[in-house]
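J.: Predicted coordinates and the sequence they were generated for:
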Amino acid sequence: MERSIQAIYGWLLALPACLLLAAFTHWPALASFLDSFWSTPKGRRPSQFVGLDHYRRMLVDDPIFLQVIWNNLLYALITVPTSILLALAMALLVNERIRARGLVRLAYFTPTVLPMVAAANIWLFFYTPGYGLLNQILTAFGLPDTNFLGSRDTALWSVMVVTIWKEAGFFMIFYLAALQAIPPVLEEAARLEGASHFVYLRRVALPLLMPTTLFVLVNALIGAFRVVDHVVAMTQGGPDNASALLLFYIYETAFRFWDTGYAAALTVVLLLVLGSISVAQVRFLDRRIHYR
Amino acid sequence: MRVTRRGFTALGAAAIGGATAIGGTVLGGRPARSTEVKLTFYYPIAVGGPITKIVDGYAKRYSELNPGVVIEPVYTGSYQDTMTKTLTALKGGNPPHLAVLLAVDTFTLYDEDAIVPFDELVSSEADRAWMRSFYPAFLENGAIDGKTWGIPFQRSTPVLYWNKQAFVEAGLDPERPPATWDEQVEFAKKLTKRDAAGNVTQYGIQIPSSGFPYWLFHGLVIQNGGHLMNEAGNEVYFDTPEVIEALQYQVDLARKHGVMAPGIIEWGTTPKDFFERRTAMMWTTTGNLTNVRNNAPFPFGVAMLPARKRRGAPTGGGNLFIFKRANEAERKAALGFVRWLTSPEMAADWCIATGYVATSPAAWETEAMRKYVAEFPPATVARDQLQYAKAELSTHENQRVTKVFNDGLQAALTLAKTPAQAMKDAQAEATRILAPYR
C-alpha cells in the first residue's frame, strides 16, 4: 500500500516532464518519421502513401541535398577542431596571471553573448565588397577586392569564420572551469620534479582536460548540424547553395516550398545524424566524462 | 489517424467557441450587434516608413465609414513570414479573411484551395468595372483559369537610378540615361574608375543578384523579347535563346566589360553602394525611391530600364486576397473593404505614403496625386514603364521553381557554369517539378 502510493507520487512528479517531452520531442519525431512516407497534402491534392520515394529522391534526384550534406560535413570538420583548439589556447592564456585578466576573459566571451543577428550584421559589414572593413585592409595592402559572401569559393568559409569566432569563447568557459578544477599541487609537484611548463601541459594538464574536450567535442558536433541562423542572416544559402547547410535546407523545404512530406524525410536524416552522435557519446565517451 | 487528429482539434475549437459564446452572454459586456462583421486582415511590411500606423488608420477609417464592419489588421512580418503564418493558420482551420501576399504566391494559394476568385464575389456592373480599372500588367500575376484571384495593392517595378554628378565627371550628359543595352555598357565603361594599382574604385553599374536575382534578371529577358513562363504556370522557358543571351549580357557586364562587380551583388547594400559612389548606376525597385531621395548626397535621376528588342520590366509586390473560409456576409464585407482600399483616392494616398506604384490610371488623376507628381516628377517613371511590363515569374510550386532558377543564375554569375549550361539544368529541374501540373 505504502509502496504503491510512493509509486504514484513518483509518477506524478515525473508527469510534467514526461508530458512535455512526449508532446514536444517524441511525438514530433515520430510524426516526422510517419509523414516522411506520405506525399505533401495540398488543398486540391490530398496526401498519398509514397513509401520510400522521398528517400530515393534525396539520393538520386536531389543534388542540393548531397551538396548540403557535403557542406555540413566540411563545416563540422573545419569549425569543430578549430574552435576547440582556439578555445583551449584562450583558456590557457586567461588562466595565467596576465595583466587585465578579467578584461581579456570578457573580450573572449563577448562574441558568445552577442545575439546572432547582431553578430551577423557586424560581419556583413566586415565582408562587404569595396568599403567593408576586410576589403579596406586588403586594398590598403594592394590586394584585390574580394566579394567574400558573393563568391562560391569563399561564402561557406566566411560563414565558418563567424562560427569559430562565436563558438570559441563559449567553449573557452568550459576549459577555464576545468583548468581551475585541477589541483595546484600537481603543478607544484611537476615543478619539483623539474618538468618544464610544456611537459606539465602535455603530460598533466591535457590528460586531465580530456573529459572536457570530449564533452565539448560532442556538443560542437551536434551544434554544427543544428546551425541555421548564421546562414539565414548572412547568405541565405547562396550563391547557388554554396553555403547552404542541412537544417537551413529543411527550413526552406518546409516553410518556403511547403513540401512538408519531403521536409519530414530530411528531418529524419537529421535526427539520424544527431542520434548517432549521441549514441557514440553514450557508448564510447560517457564513461570517461564526469559532468561535475 | 489524420481524421481523428483533425476531429479532435475541431471538437476543441467548438468547445472553446461555445464557452466564449456563453461567457459573452452571461458576463454581458458590450452586446455584439447581430449584424457586426469582424474581419481579420494579415499584412506584411516590405518597405521603410510607419506602415503599421497607416494600415491601422485605414482600418479605423473604414469602420467609421461603414458601421457594422470591423477590420482587425494583423502585422505579420515580411512577405515570407506572412505567407508562412497564413498557410499555418489555414492548415489549423483558421485563416484570415483577407491578406496582402506576394502576387507570385497566387498559384500556391490556389493549389491550397485557400482563396476565392473575385469574379465569384462581385455582383453589380459597377463591381465588374472596378475589376477592370487596374493597369493590366498588375492583374496578370493574379489570373488563373481566366479568373482574377488577387487585386493589386502594393505593387512595384524595377527602375534604373543614375548619379548625375558621376555622369558629368565622366563627360556624359547628366540628363540622358542609357536607353539601350549597348548604351548601358558604353556609359558604364566611361563611368568605371580605377586607381593606380588597377583596382576599381567606382563601377559603372550594379544589378544586384543576391536572394532573388530572378526579378531584375526577368527585366533583361523581357527586353530581349523573351518571357519566363506561360500563363497557366505549368511551363517555363529558361533555356530559350532569349534567356541565355540575357544571362550572357549580365555575366559580361562583370566579366567581359569589367563595369560591374564580379560575383553575387548584395541586394540590401546596393542603395548604400550607390550613395557611397561605389556604383554610378543601379537597378533596384521603385520602392527605394524615397530612400534614395532622402539619402543620396548628389543629384540623381530615375529612368526606365534600357531596351534591347523592346523596353521591359517585371512587376512586383503584393496583392489583396480573400479567403475561402469566410462566410457569405464576411466575403461581402471583405469585398467592400478591398474595393475601398483600392479606390483611386486610397490608392493615391497609399502611393504617396509608401512609394508603391498607384495601381489604377484613375488614381493618377486624383488631386493629391497630381500635386505629388508636380513636386516629385521621378514618381511617374514606374507608371510610364507599366505599359512595357509583364507579370513576374510565377508558377505552381512557385518558391521551388524560382529557387531552381535563382540557383542557375547564381551559378552562371559565379562562373560555375556557362549561361547555356546553367539554364539547361534549371529548365530540366523546373520541368520535373512542374510535371504533376501538366
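T.: That came through, no problem. Numbering: from 1, shown residues only, chains lettered A, B, ... in the order given.
J.: tell me which residues in stretch B:156-170 are buried?
T.: B:156-167, B:169-170 (16 or more other C-beta atoms under 10 Å in any protein chain shown). Heads up, the C-betas are built off the backbone N, CA and C, glycines and all.
J.: Filter those residues down to the ones in strands?
T.: B:156, B:158, B:159, B:160, B:161, B:162, B:163 (DSSP state E).
J.: ok, the second one - contacts?
T.: So that's residue B:158. B:215, B:216, B:219, B:283, B:284, B:285, B:286, B:305, B:313, B:314, B:316 (C-beta atoms under 8 Å, 6 or more residues apart in numbering or on different chains).
J.: and with 10 Å instead?
T.: Neighbour list for residue B:158: B:207-208, B:215-216, B:218-219, B:282-288, B:304-305, B:313-316, B:382, B:385, B:389, B:392 [criterion: C-beta atoms under 10 Å, 6 or more residues apart in numbering or on different chains].
J.: ditto for the fifth one
T.: For residue B:161, the contacting residues are B:177, B:206, B:270-271, B:274, B:279-284, B:286, B:288-289, B:292, B:296, B:300-303, B:378, B:381, taking C-beta under 10 Å, 6+ apart as the criterion.
J.: Could you list which of these belong to strands?
T.: Judged by DSSP E, the contacts of residue B:161 include B:206, B:279, B:280, B:281, B:282, B:283, B:284, B:300, B:301, B:302, B:303 as members of strands.
J.: ok, and which of the residues you listed reach chain A?
T.: residue B:279 (C-beta under 10 Å from any C-beta of the partner chain).
J.: Find the closest residue to chain B in the stretch 51-200 of chain A.
T.: Residue nearest to chain B within the stretch 51-200 of chain A: residue A:150 (3.4 Å; C-beta to the nearest C-beta).
J.: ok now do that residue, which residues does it touch?
T.: A:127-129, A:158, A:235, A:238-239, A:242, B:208-210, B:261-266, B:410, B:413-414.
J.: how about the residue most central in space within chain A, what does it touch?
T.: In chain A, the residue lying closest to the centroid (C-alpha atoms, centre = their mean) is residue A:223, at 1.9 Å. Shown in contact with residue A:223 (C-beta under 10 Å, 6+ apart): A:76, A:79, A:80, A:83, A:163, A:167, A:170, A:216.
J.: tally of neighbours for residue 259?
T.: Using chain A here. 22 (other C-beta atoms under 10 Å in any protein chain shown).
J.: The chain in question should be chain B.
T.: 25.
J.: Contacts only, for the residue in the stretch 1-150 of chain A positioned nearest to chain B.
T.: Across the stretch 1-150 of chain A, the shortest distance to chain B (C-beta to the nearest C-beta) belongs to residue A:43, at 2.9 Å. Neighbour list for residue A:43: B:87, B:90, B:91, B:108, B:109, B:110, B:111, B:112, B:113, B:114, B:115, B:324 [criterion: C-beta under 10 Å, 6+ apart].
J.: Format those residues as JSON lines; extra columns: pLDDT.
T.: JSON lines is the format used below for those (pLDDT from 0 to 100):
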{"residue": "B:87", "pLDDT": "90"}
{"residue": "B:90", "pLDDT": "91"}
{"residue": "B:91", "pLDDT": "85"}
{"residue": "B:108", "pLDDT": "91"}
{"residue": "B:109", "pLDDT": "93"}
{"residue": "B:110", "pLDDT": "93"}
{"residue": "B:111", "pLDDT": "90"}
{"residue": "B:112", "pLDDT": "89"}
{"residue": "B:113", "pLDDT": "91"}
{"residue": "B:114", "pLDDT": "93"}
{"residue": "B:115", "pLDDT": "95"}
{"residue": "B:324", "pLDDT": "93"}
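J.: Report the buried members of these.
T.: Of the contacts of residue A:43, these count as buried by 16+ other C-beta under 10 Å: B:87, B:90, B:108, B:109, B:110, B:111, B:112, B:114, B:115, B:324.
J.: need the residues of the stretch 101-250 of chain A near chain B, please.
T.: Within the stretch 101-250 of chain A, the positions lying close to chain B (C-beta under 10 Å from any C-beta) are A:124-125, A:127-132, A:135, A:138-139, A:142-155, A:235-242, A:244.
J.: Just the buried ones out of those, please.
T.: The neighbour-count test (16+ other C-beta under 10 Å) marks A:124, A:127-132, A:135, A:138-139, A:145-152, A:154-155, A:235-242, A:244 as buried among these.
J.: residues in the stretch 151-300 of chain B within reach of chain A, list them.
T.: B:195-203, B:208-213, B:261-266, B:268-269, B:272-273, B:276-279.
J.: Buried members of those into ChimeraX, please.
T.: Per 16+ other C-beta under 10 Å, the buried members of these correspond to this ChimeraX selection:
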select /B:199,200,202,203,208,209,210,211,212,213,261,262,263,264,265,266,269,273,277,278,279
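J.: Which PyMOL command selects the buried ones in the contacts of residue B:161?
T.: Selection of buried members from the contacts of residue B:161 for PyMOL, criterion 16+ other C-beta under 10 Å:
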select buried, chain B and resi 177+206+270+271+274+279+280+281+282+283+284+286+288+289+292+296+300+301+302+303+378+381
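J.: Point out where the chain drops to low pLDDT.
T.: Chain wasn't specified; assuming chain A. Scanning chain A for pLDDT under 70 picks out A:1, A:285-292.
J.: other chain: chain B
T.: B:1-34, B:48-49.
J.: Smallest gap between it and chain A, at which residue?
T.: When scored by C-beta to the nearest C-beta, chain B has residue B:113 as its residue closest to chain A, at 2.9 Å.
J.: Going by residue numbers, what spans are helices in chain A?
T.: A:2-21, A:27-35, A:53-60, A:63-95, A:101-113, A:116-127, A:133-140, A:155-181, A:184-192, A:197-200, A:206-224, A:229-234, A:246-255, A:260-280 (DSSP state H).
J.: Ignore what I typed, I meant the stretch 251-400 of chain B.
T.: B:270-275, B:289-295, B:328-341, B:344-354, B:361-364, B:367-375, B:379-385, B:398-413 (DSSP state H, counting those that start in this stretch).
J.: Just send the ones in strands among the buried residues of stretch B:156-170 back as a markdown table, with distance to residue A:249 too.
T.: Output for those, formatted as a markdown table (distance: C-beta to C-beta, whole Å):
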| residue | distance to residue A:249 |
| --- | --- |
| B:156 | 30 |
| B:158 | 29 |
| B:159 | 34 |
| B:160 | 35 |
| B:161 | 35 |
| B:162 | 39 |
| B:163 | 40 |
